[in-house]
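Q: Fold the following for me, if possible:
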Amino acid sequence: MSQENSDYEEGEEEDEPRLKYQRMGGSVPSLLSNDAATCLAVADRMIALGTRNGTVHILDFLGNQVKEYPAHTGAVNDLCFDVEGEYIGSCSDDGSVIINSLFTEEKLKFDYYRPMKAIAVDPYFAKKSSRRFVAGGLAGHLYINTKKWIGYGDQILHSGEGPIHAVKWRTNLIAWANDAGVKVYDSANNQRITFIERPRGSPFPEILLPHLVWQDDSLLVIGWGTSVKIALIRANQNNTTSGPYRHIMSNMNKVDIVASFQTGYYVSGVAPFGDNLVVLAYIPGEEDREKEFSNSVPLRQANAQRPEVRVVTWNNEELATDALPVHGFEHYKTKDYSLAHSPFSGSSYAGGQWAAGDEPSYYIVSPKDVIIAKPRDAEDHISWLLQHGCHEKALAAVEAGKGRSELIDEVGSRYLDHLIVQRKYAEAASLCPKLLRGSTSAWERWLFHFAHLRQLPVLVPYIPTENPRLRDTAYEVALVALATTPDFHKDLLSTIKSWPPVIYSVKPVIAVIEPQIDSSSVTDALKEALAELYVIDKQYDKAVALYVELMKPNIFDFIEKHNLHDAVHEKVVQLMTIDCKLAVPLLVQQRDFITPFEVVSQILAAKNNCDSRYFLHMYLHSLFETNPHAGKEFHDMQVELYADYDPKMLLPFFRSSQHYKLEKAHEICLSRDLLREQVFILGRMGNAKQALAVIINKLGDIEEAVDFVSMQHDDELWDELIRQCLHKPEMIGMLLEHTVGNLDPLYIVNMVPNGLEIPRLRDHLVKIITDYRTETSLRHGCNDILKADIINLLIKYYKEARRAVYLSNEEDEVRVKRDDSNVSQLTERSLSMKNMEVKSKVRAGGRCCVCFDPFSIQNVSIIVFYCCHAYHLTCLMESSNSANDNKRSKATSKEAVSYYEYDDSDADESDNDNISSGAPQMRCILCTTAAG
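A: Below is the predicted model of the structure:
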């Protein structure tokens, strides 16, 4: 809205208005420059404006004139469209009513010879052939005009109660106002529904005109003077009436006043606003207030106030109030203003609300102005929030999807400016992804703006790396800003790790960081960041040096991945310090590049800075396990290291190595009281008797002494063992037990001096005898088990040898089934056998052992036994049947069953089941298996 139209908004900065206003332009200013507007009607596609000189102007919604009807010679008092917007009706002080077709040349004119104040055409005027309309005026008659067979005819619906001041037609209901009040007529039933009395104390309608508007099919809003009423027309639900008036009474509607309130202003117009109302209020001047609605007509004054548009509830609770800057408002009175609203379109006409997508509009008409009022939309709300510094609310509204998506750019830019002015840089940076979104130019502009303010580090975590991707320079500037501020070195490291390397060049950043490495302000984070940049730039040798200096645990994987063994040639101690368990395998594996001598030398050289002896032990131990000869020159050192750190490994080392000095090893073991190691060393030195003495006297382990003597293969040591045990009688019994199998116990007993008391001698002897008996019993048991296994295997082999393999085809099986029932029974049994290909030669050379004819495996069924005899199935059956007939009279039933026994199972149980079931079983008739 222009500056002059926005003056009324300046007074209320806290409460957001409900409506926005715009003065209608187009042709309206020029039309009203020499004329005055009197009334206005709105259709779906156009607007009709009536003027004081009797002209009806058809305008578009921008105010441009489309058509002009110089219809009347007097002022146009009322206009009305039909629902389709095809006809416009007008009435005038000249007493005429004219209905013009907007799209054809059709024009209807009716003269009533008295000023006509109100008109309403049938909502469905264009569709119905009746072409009805109602009109009334100062004559006090309300006419309904209908098209008949011949011409048009008028019917007076009502008269005698003063002039008709307003009339509105909704569906079948017609409401009009006269001096007495408001009446509602049902045109479908041709009956009057109700009468609503004029508000008490209100001036005559000539002073304050009544205003009627249908909110929906059943709600009628009445604004009159300082009173507003809402009437509900409802169908009569009482069907108890009987008699001749039952039909009439049942069709009557009833009216309830559902809301009513008084105002402190004059109502110049009223219209629905959702569940609320829009009221055009005329604020009376001081002179008007003194007269308190006197019946005298107020003169036109020069001190009238601006008209106001108020949004109120049905309880008269004011939701918004806006004063309108109407041209010449100082000279206007109440009846100079009127209020019109856009019609309900489509299916919403019956529901009384605007359809989804419709934009409700209100038109405030004054003699020289037409102002359009519309509900404020989301963008208006956002603009109002920005104007009042509510940037967060404006941003929330944009994010909620209100308004155009492009609006976020404006909101975002203004919000960021606001935060930066307040020095809220961190908050501004956090909002950048949300506000700048995918705009590359916006991101770069704000990035360099933050850099100019020396606040770029706070923006770096939010800079996008893709969608959008910025120029390389932008990312390099951001990294340099982090590198030059020690407080942000950790952020620099995390940024380098998270950003893809392809989006920037590392060399400019390296060039900035390298001079800082030798300065006092260098941090570990900066060193690691430089190492990461070296890795990106493939300068792995420089990177590994920094990683070693930083004691990074993953250095070993890095060395292996990039084969950097030469780069760590002089860093053995550092690697061992980082992780000895990982460094040792690396050094052992790469002993060709880093020799054991170099490793040991570096560790010994750093003995004051680390636990060098432990490092040596770990390295030499792993080296020895990998290759016992790799570090043989250090085995003397290794003996002492094992003695200090892992004595359990010393004895295996003595047994595996030949590169240590026995005397020095013996001294070390002797100084640390390592007895078993002393025994081994003494044994290797040839001092077996001294070693045996250590075992007997210090270890006291007779079993180990026996094992030691057994390993030496020296008979004299047995005598030495016995002699040393004679000094300890308690060991004699133990010696008797453990030398069984090596020495004859009698030999030991004979060497024992007479009279020497041996503790628990009887028990030891009993144990020796018991062990001998147990051993003998075990041998007998093993022999029995072996014999049983041999017998079972022979039986199993015997049963396997009795089996036969059946080879046949389906044709042969069908033929055999068809020939003989006994043969059929045998064939069914045979089908359960294994079918397999016999590749070995049979003893008969591929011929039947009965008929000596050669076999044809594809056409003839064959029985092959494991004894390698083969028969035609028919030959074997005939032979078996003949033998059975000859022996039937001589053989017992048991022998017959045995003769026909047919073995095809792996288990003994199957054999028993087959025999008990009486199933005939085939056997080779040439070999011993048939006698079974």
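Q: Show me where the stretch 601-750 of the chain has its strands.
A: Read by DSSP state E, counting those that start in this stretch, the stretch 601-750 of the chain holds no strands at all.
Q: mind showing which ranges of it have poor pLDDT?
A: Flagging of the stretch 601-750 of the chain using pLDDT under 70 yields the residue ranges 697, 700-704, 706-707, 709-710, 713-717, 719-724, 726-750.
Q: next one: the stretch 801-932 of the chain
A: Using pLDDT under 70, the flagged stretches of the stretch 801-932 of the chain are 809-845, 856-859, 883-922, 928-932.
Q: end-to-end on stretch 860-879?
A: One end of stretch 860-879 to the other measures 17 Å (Cα to Cα, to the nearest Å).
Q: in it, what's buried?
A: For stretch 860-879, the neighbour count (16 or more other Cβ atoms under 10 Å) marks 860-865, 867, 869-877, 879 as buried. (C-beta placed from N, C-alpha, C; glycine too.)
Q: Please state the offset of that stretch from the chain centre?
A: Chain-centre distance of stretch 860-879: 74 Å, with Cα atoms, centre = their mean, to the nearest Å.
Q: All further residue positions should be reported with the first residue as 9.
A: Noted, 9 is the first residue going forward, which turns the last one into stretch 868-887.
Q: circling back: out of the buried residues of stretch 868-887, list just those in strands.
A: Mapping the buried residues of stretch 868-887 onto strands (DSSP state E) picks out Ile870, Ile871, Val872, Phe873, Ala878, Tyr879, His880.
Q: So the second one sits against Ser816, correct?
A: Pointing back at Ile871 there. No: counting by Cβ atoms under 8 Å, Ile871 stays clear of Ser816, with 9.3 Å between them.
Q: For those two, list the residues in contact with both.
A: Common contacts of Ile871 and Ser816 (Cβ atoms under 8 Å, 6 or more residues apart in numbering): Leu881.
Q: Now render the ones in strands among the buried residues of stretch 868-887 as CSV, adding distance to Val320.
A: Conversion of these to CSV gives the following (distance: Cβ to Cβ, whole Å):
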residue, distance to Val320
Ile870, 113
Ile871, 113
Val872, 113
Phe873, 116
Ala878, 117
Tyr879, 118
His880, 117
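Q: Between those, which sits nearest Phe566?
A: Val872 (71.4 Å; Cβ to Cβ).
Q: Could you give the number of residues near Leu347?
A: 23 (other Cβ atoms under 10 Å).
Q: okay, the closest residue to it other than its chain neighbours: pLDDT?
A: Nearest-residue entry for Leu347: Gly277, 2.4 Å, with adjacent residues in sequence omitted and distances by Cβ to Cβ, 6 or more residues apart in numbering. Listed pLDDT for Gly277 reads 93.
Q: Next, Gly277: secondary structure please.
A: strand (DSSP: H, G, I helix; E, B strand; the rest coil).
Q: and it, how many neighbours?
A: 25.
Q: OK, contacts around it?
A: His219, Gly231, Val287, Leu288, Tyr345, Ser346, Leu347, Ala348, Ile372.
Q: Distance of it relative to His173?
A: For Gly277, the distance to His173 equals 14 Å [Cβ to Cβ, to the nearest Å].
Q: repeat for Val229
A: Distance of Val229 to His173, given as Cβ to Cβ: 16 Å.
Q: sorry, back to before: of the contacts of Gly277, which belong to strands?
A: His219, Gly231, Val287, Leu288, Ser346, Leu347, Ala348, Ile372.
Q: per-residue confidence at the fourth one?
A: It refers to Leu288. For Leu288, pLDDT reads 94.
Q: which residue packs closest to it, ignoring adjacent ones?
A: Nearest residue to Leu288 in three dimensions, chain neighbours excluded: Gly277, at 3.7 Å (Cβ to Cβ, 6+ apart).
Q: same thing with the last one?
A: If you skip the residues right next to it in sequence, Ile372 has Ile379 as its closest partner in space, 4.4 Å away by Cβ to Cβ, 6+ apart.
Q: okay, now that neighbour: neighbour count?
A: When neighbours are counted by other Cβ under 10 Å, Ile379 registers 21.
Q: Return the backbone torsion pair for it.
A: Dihedral angles of Ile379 (phi, psi; degrees, to the nearest 10) stand at phi -110, psi 130.
Q: Spit out the contact partners of it.
A: When contacts are taken as Cβ under 8 Å, 6+ apart, Ile379 is in contact with Asn13, Tyr29, Gln30, Arg31, Met32, Leu332, Val334, Tyr371, Ile372.
Q: redo that, cut-off 10 Å
A: By Cβ atoms under 10 Å, 6 or more residues apart in numbering, the contact set of Ile379 is 9, 13, 29-32, 315, 317, 332-335, 370-373.
Q: and it, what pLDDT?
A: 93.
Q: again with Ser302
A: 48.
Q: how about the helices of the stretch 209-358 of the chain, start to end?
A: Using DSSP state H, counting those that start in this stretch, the helices of the stretch 209-358 of the chain run over 254-258, 294-299, 356-359.
Q: Val592 belongs to a strand, doesn't it?
A: No: according to three-state DSSP, Val592 belongs to no strand; its state is helix.
Q: I am finished for the moment; much appreciated.
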